[in-house]
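Chemist: Build me a model from this:
(chains A and B)
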Amino acid sequence: MTTSRRDILKLGAFGGAAFMAGIPGVTVSAQGSELTIAYNVNLPSWDPTVGPSAVNPTIQAIYQSVFDMYIAQNPDLSFAPGLVTKWGWNDDKTQIMMEVRDGVTWHDGSPFTAEDVAWSLERAGKPETGNPIQFVWSKVGNFKVDGNKITADVKEFEPVLFKWMSFLTGYVMPKAYYEKVGAEGFEKAPIGTGPYMMEKFERNAFVRLKVNPNYWGGKPAFETVIIKFVPDSSSRVAEIESGSSQVTLEIPYDEFDRLKAKDGLAGITTPISDIGMIFLNDIDVMLDKNVRLAAHHAIDKKLIIDRLLNGYGIAIDTLETPQYAAFDASIKVGYDPEKAKQLLAASGYSTDKPAKFTIQTTKGFKPKDYEMIQAIVGMWRKVGIEAEIEIYEIAKHYELRAADKLAPAAFYNWGNAIGDPTTSTGFAMFGPSPHSVWDSKDLVDMIIPLWGEKDETKRIDGWKAVDKYIAEQGYVIPLLQYVQPIIHAKSIKVTPHVSGALLPALMSPA
Amino acid sequence: MGRNLLIRLGSTIVTLFGVAFIVFILVRVVPGNPIAMMLPPGATDADITLLTAHYGLDKPIMTQFWIWLGRALQGDFGTSISLRQDVIGLILGRLPATLELATLALLIAVALGGTLAITAARFRGTAAETGIDLANGASLAMPDFLWGLTLILLFGVAFPIFAISGRVSPTLDLPFVSGFYLIESILRLRFDIFLDLMRHMLMPALALALPLAAVIAQLLKTSLKEAMQQDYVMLARTKGFSETRVLLSEALRNAVIPTLTLAGVQFTFLIGGTVIVERLFSYEGLGNMAIDAVINRDLPLIQGIVLVFALLFVLINLLVDLSYALLNPRLRHG
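Modeler: Numbering: from 1, shown residues only, chains lettered A, B, ... in the order given. This next block holds a predicted model:
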């Protein structure tokens, strides 16, 4: 038997047709009980309490789908009963007291108990566990469990302890299960008490979640949630545009505006708890208060937001956003180029004899980061500041910041999902912290008493005073509060969370 | 031949040692400290010292290298800082996905490039050859990731035939025991999974294959045209063979050797190209993991992945040399 060229062509055509016909699910639509989300990060590890991924804010939404935090957090950042339903201090704040929820089960069907909470907190406080927030958890110990009540001794008063129970690494882990399977077993088959159960996980590709029908907070709307890890923003745009995913986030604002106008798609923008800022280091010309304040007054933040971020952003003058506990709307610095010129003139600088320094920035790490700094440098030039831009990778920023070797000015973004001033102004501006580069004694002395302040009103007022002082002295240049763009199919209702966590449990069919 | 092989194996070991050494030094001197990236908000100087010592980064670089090498020779490439898992296990888990993608891309490149070359040689001097030359030029002018974006827009968005991201549909349950999904799906006669895999792999494979296909087409066409001028081809023509038969059965046999050699060498570059393409298509291979490792300054993982890439380069080049010797009688007997 011989095969002619025509036979081969026929075979090819037949094969092609068969292949096309056999393609399963060419496009995915929101099929009632199934939801697909194109997410912008990979999930490195399943233990939400240890390792670098535990403090990665973007991953928290995935963790919060499978695990519950000690204390829940509403979409507006306010706190709510979670697995811990009541919490507080005794009168002299030497003990903490908690009550845990009854009738909750782990994903394997075993009952959740107060022992799980006590064990999780104890484990988090041990240095050998590798919890990055161990410095907070270790401030309580000697846990005693009585039914659904827990008490513990305070070793060092930490006013933000309960807020941390809704923040990084604040997850309740299954004591009996973890002890049985160990760290490696848990990585392969993690269980929590959260709204969804991990069904299938392919690293760098996707995680398939199955609804937890017994979830104490009510059964979520979607039976199955697929979270695809799509780090490339153009691929996420293609995912949503082709209908392969129904929800995505963190895409360029131009694409957001284009996509939300398309049939079948809608867009949400929410101001989240991330801010853009310029760190100032207490070196060189930054030791001159006039230069610092002039650098701040010369920046037209609104113009930058309107022109570069399509209007998606909120100008800020302190490191607190309106959702934070210590936000004070009365603290204003303001755009005033004439004042900037006067301040510089007082120090002998002008457009002919400019103050010179280097500003470091990332390029492409945050939306229009480099372009923003370019615009700022242009604004500075007009008042008598000549700044040279140095581009670095985010890893280099961390290294330089930890070593206190940042340039006189350095762009960065700061997240604070619990909205407490300690986790914004506190860590960013407290000299001894490895995350701060402004080390002046006046500020350190002002902040130190606030770390242990037991009166909450006095504590918050104290931080407001610190923010006011920082603004007056020009120790940092806060720029804007970021707005998170979310694009979704109109068939899906999405409730955004101010923390920036895109939570499947807050989504339902429209 | 045996002596040559021994010399090549010896040089392979030296090359790998050199690569390991250079990469080890480079990843430690380039900007970006993994410890700084891991620091919690309230970390103290003591915490930094503790963490640095925990990962062995407090020792001199050369001491770190000898410790690493000693363990690596025993098969222990350390633990990933960001993934907290055994490096070798992570790499072996992802390597099959990358090898399958690169092999598929090579097959497409050879088939496409070969077809274009034969067509251009058969219709040399006509508009068909000019058209193919133009297509080759366009294909070469665009890098693989740009081809990837174009394909996504074309076959992912405008005509959504193929999947944009991933290696396999998340809804499928795979009964496989190895990471070679494509091969296992064929062996187990699971053509539903095979089709799903192809739906995910064809676009990234094509993005990788198109520039290589152009190179193959150009080289093979030139070789074919030269071969068509040789005496043995003239003889075949005088025997009354058709032009197509002369091309396929006489000229192609001789012209294909340098092309196969080139394809082998290019395969190594193709594996390197998977890094960006895998990222673009969110394909769960070694390249995608390499980017995460670099972003997180995961030194043990970067070290392991680069070494595996280097090993693949060296082994493939060795195989190409050996196969070239087998294909070319003059070298075999020389």
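Chemist: From here on, just use CA atoms for contacts and neighbour counts.
Modeler: Fine.
Chemist: Tell me who's in contact with the closest residue to residue B:166 other than its chain neighbours.
Modeler: Nearest residue to residue B:166, sequence neighbours excluded (C-alpha to C-alpha, 6 or more residues apart in numbering or on different chains): residue B:283, at 4.6 Å. Neighbouring residues of residue B:283 by C-alpha atoms under 8 Å, 6 or more residues apart in numbering or on different chains: A:204-205, B:165-167.
Chemist: swap in residue A:507?
Modeler: Contacts for residue A:507 (C-alpha under 8 Å, 6+ apart) come out as A:221-222, A:492-495.
Chemist: Nearest the middle, which residue of the chain would you pick?
Modeler: All of this refers to chain A. Closest to where the C-alpha atoms of chain A average out (C-alpha atoms, centre = their mean) is residue A:57, at 3.5 Å.
Chemist: wait, I meant chain B there
Modeler: Centroid-nearest residue in chain B, with C-alpha atoms, centre = their mean: residue B:271, separated by 1.4 Å.
Chemist: hang on, the earlier thing: between the contacts of residue B:283, which has the most around it?
Modeler: The most crowded member of the contacts of residue B:283, judged by other C-alpha atoms under 10 Å in any protein chain shown, is residue B:165 (31 neighbours).
Chemist: and the gap between it and chain A?
Modeler: 7 Å (C-alpha to the nearest C-alpha, to the nearest Å).
Chemist: and that residue, helix, strand or coil?
Modeler: Following DSSP: H, G, I helix; E, B strand; the rest coil, we place residue B:165 in the coil state.
Chemist: In space, what's closest to it - neighbours in sequence excluded?
Modeler: Nearest to residue B:165 is residue B:281, by C-alpha to C-alpha, 6+ apart, at 4.6 Å.
Chemist: do residue B:264 as well
Modeler: Spatial nearest neighbour of residue B:264, excluding adjacent residues (C-alpha to C-alpha, 6+ apart): residue B:320 at 5.7 Å.
Chemist: and the residue nearest to the centre of chain B, what does it touch?
Modeler: Neighbouring residues of residue B:271 by C-alpha under 8 Å, 6+ apart: B:98-99, B:102, B:309.
Chemist: now those residues as TSV including neighbour count and secondary structure?
Modeler: Below are the contacts of residue B:271 laid out as TSV (neighbours: other C-alpha atoms under 10 Å in any protein chain shown; DSSP: H, G, I helix; E, B strand; the rest coil):
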residue	neighbour count	secondary structure
B:98	23	helix
B:99	18	helix
B:102	24	helix
B:309	17	helix
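Chemist: tell me which element the residue nearest to residue B:264 is part of?
Modeler: When secondary structure is defined by DSSP states H and E, residue B:320 falls within helix B:299-327.
Chemist: which of the contacts of residue B:271 lies closest to chain A?
Modeler: Nearest to chain A out of the contacts of residue B:271 is residue B:98 (C-alpha to the nearest C-alpha; 12.7 Å).
Chemist: Which pLDDT value goes with the closest one?
Modeler: Residue B:98 carries a pLDDT value of 94.
Chemist: Show the model's pLDDT score for the residue nearest to residue B:166.
Modeler: At residue B:283, the predicted lDDT confidence score is 93.
Chemist: any low-confidence regions in the stretch 1-150 of chain A?
Modeler: For the stretch 1-150 of chain A, residues meeting the criterion pLDDT under 70 lie at A:1-32.
Chemist: Strands along that one, start to end?
Modeler: Under the criterion DSSP state E, counting those that start in this stretch, the stretch 1-150 of chain A carries strands at the ranges A:34-39, A:72-73, A:79-80, A:84-89, A:95-100, A:140-146, A:149-154.
Chemist: out of these, nearest to chain B?
Modeler: Judged by C-alpha to the nearest C-alpha, the one of these that comes nearest to chain B is strand A:34-39, at 9.3 Å.
Chemist: Which strands or helices does that closest one pack on?
Modeler: Packing partners of strand A:34-39 (3 or more C-alpha pairs under 8 Å, 6 or more residues apart in numbering or on different chains; DSSP states H and E): strand A:224-229, helix A:233-242, strand A:247-249.
Chemist: Could you dump the ones you listed into CSV with mean neighbour count and mean pLDDT added?
Modeler: Below are the helices and strands packed on strand A:34-39 laid out as CSV (neighbours: other C-alpha atoms under 10 Å in any protein chain shown; pLDDT from 0 to 100):
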stretch, mean neighbour count, mean pLDDT
strand A:224-229, 25, 96
helix A:233-242, 24, 92
strand A:247-249, 27, 95
